[in-house]
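Trainee: sequence first, then the predicted structure, then my questions.
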Amino acid sequence: MRFVDEIDFQEEGSMLAVGWMNYRGLKRIMRFRFFAALLFATSPCAAESSIEKLAKLPENKIDIGIVALTLAKEVYPGLDIGAYSAKIDDMARKAQLVAKGSNDPDFRVRALNTYLYQHEGVSYDLSDPNATKPENRYLNGMLDSKKGSCVTMPLLYLAVAQRLGYPIYPVLAPQHLFLRYEHPWLTSNNIEATGGGGYTSDAKYKGDFQISDKSIKNGVFLRTLTYREFLGELIAQNGIYWGISGDVARATEYLEVAVRLNPKGAEAYDNLGRGYVALSRRSSGAVAESYREKAGAAFGKADELGIVRLSAENQSTYERRVADKRRGQ
């Protein structure tokens with residue numbers, strides 16, 4: 001069972017919601033707000049400085065919601081980080097109402113599922129199965145429309161769970177993200193955010209995404225990530241955005257930061273190699289040769305780690321599944 005009994009939030013004021021949250025959870029939210037104020041009290045820094053500042057954050061200072069919104073602000077310059085962060089706070093308070101202060105991991109997951117998918121109506125944007133729209137790649141889009149992708153749905157889930165103090169962490173599959181509740185006796189602990197928060201086994205992910213034993217052994221896929229490693233993945237996404245936008249130098253810089261944060265990020269290494277290739281084509285002589293050597297090293301690292309490049313057949317199967325879901329609506 002993925003859900004619990006619904007609660008009518010129309011009769012609950014914000015102060016009542018705070019009252020349900022334990023003191024530790026409330027302190028966590030206030031700490032994140034204080035951290036956000038420190039980070040963004042001054043006028044926006046240069047993008048490079050901002051990325052380096054994010055990359056220096058220690059594990060216990062990373063608020064997934066805030067860093068995700070910070071990176072989204074590069075794409076949406078008018079984005080109010082504080083306002084969107086307050087939305088996550090509000091969601092955490094209301095989710096805590098459903099959880100009733102329980103410490104039981106299974107009940108917590110079912111309660112969070114009930115709140116996000118039944119009350120908030122979070123759902124997959126079936127009109128954009130490959131998340132080509134910017135709003136389906138950044139957290140503010142998910143918060144605005146309550147529709148998202150295999151990027152933004154787990155991102156929202158994780159942001160709310162962290163504010164609640166739940167030990168939920170990100171896990172990578174090829175071109176996919178899911179979550180895991182880390183608890184010693186919870187065995188069915190994977191959370192598929194695009195599937196209503198239900199459980200999917202590692203074996204199922206391995207088969208569906210053609211994950212090699214090599215990549216699993218090397219910790220590329222199906223491994224619980226730290227927040228710092230996941231920050232690297234979020235920064236890599238912005239690197240890809242800048243690459244598509246034509247700013248290859250900036251894209252490459254971001255991807256260099258990404259692999260520094262997550263040295264097992266095979267997909268980031270692969271994209272970094274592409275960035276170096278693009279820079280080599282814009283250069284000449286020794287500079288071009290240097291970029292080609294760096295590209296070779298990055299591609300080599302991706303292959304060494306066991307990068308999985310999804311086959312056309314696998315991608316077509318995925319798109320057919322999305323089309324079937326659309327017809328069933």
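Mentor: Thanks, I have the structure now.
Trainee: so who does the closest residue to residue 102 other than its chain neighbours touch?
Mentor: Nearest residue to residue 102, sequence neighbours excluded (Cβ to Cβ, 6 or more residues apart in numbering): residue 108, at 5.9 Å. To be clear about C-beta, it is placed using only N, CA and C from the backbone, and glycine gets the same treatment. Neighbour list for residue 108: 99, 102, 164, 166, 181 [criterion: Cβ atoms under 8 Å, 6 or more residues apart in numbering].
Trainee: which of these fall in helices?
Mentor: Secondary structure from DSSP state H places 99, 164 of the contacts of residue 108 in helices.
Trainee: please indicate which of the contacts of residue 108 are buried?
Mentor: Among those, the ones that count as buried by 16 or more other Cβ atoms under 10 Å are 99, 164, 166, 181.
Trainee: any idea how far residue 181 is from the nearest residue to the third one once chain neighbours are set aside?
Mentor: Setting aside the residues directly before and after it, residue 166 is nearest to residue 108 in space (Cβ to Cβ, 6+ apart), at 5.8 Å. Residue 108 sits 8 Å away from residue 181 when distances are taken as Cβ to Cβ, to the nearest Å.
Trainee: overlap of the contact sets of these two?
Mentor: What both residue 108 and residue 181 touch, as defined by Cβ under 8 Å, 6+ apart, is the set residue 166.
Trainee: and the contacts of the strand or helix carrying residue 215?
Mentor: According to DSSP states H and E, residue 215 maps onto helix 213-217. Helix 213-217 has contacts (Cβ under 8 Å, 6+ apart) with 206, 221, 222, 223, 266, 305, 306, 307, 308.
Trainee: and these as CSV, adding secondary structure and pLDDT?
Mentor: Converted to CSV, the contacts of helix 213-217 look like this (DSSP: H, G, I helix; E, B strand; the rest coil; pLDDT from 0 to 100):
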residue, secondary structure, pLDDT
206, helix, 96
221, coil, 98
222, coil, 98
223, coil, 98
266, helix, 97
305, helix, 98
306, coil, 96
307, coil, 94
308, coil, 90
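Trainee: can you tell me which of those residues is nearest residue 71?
Mentor: Of all those, residue 266 has the smallest distance to residue 71: 20.8 Å, by Cβ to Cβ.
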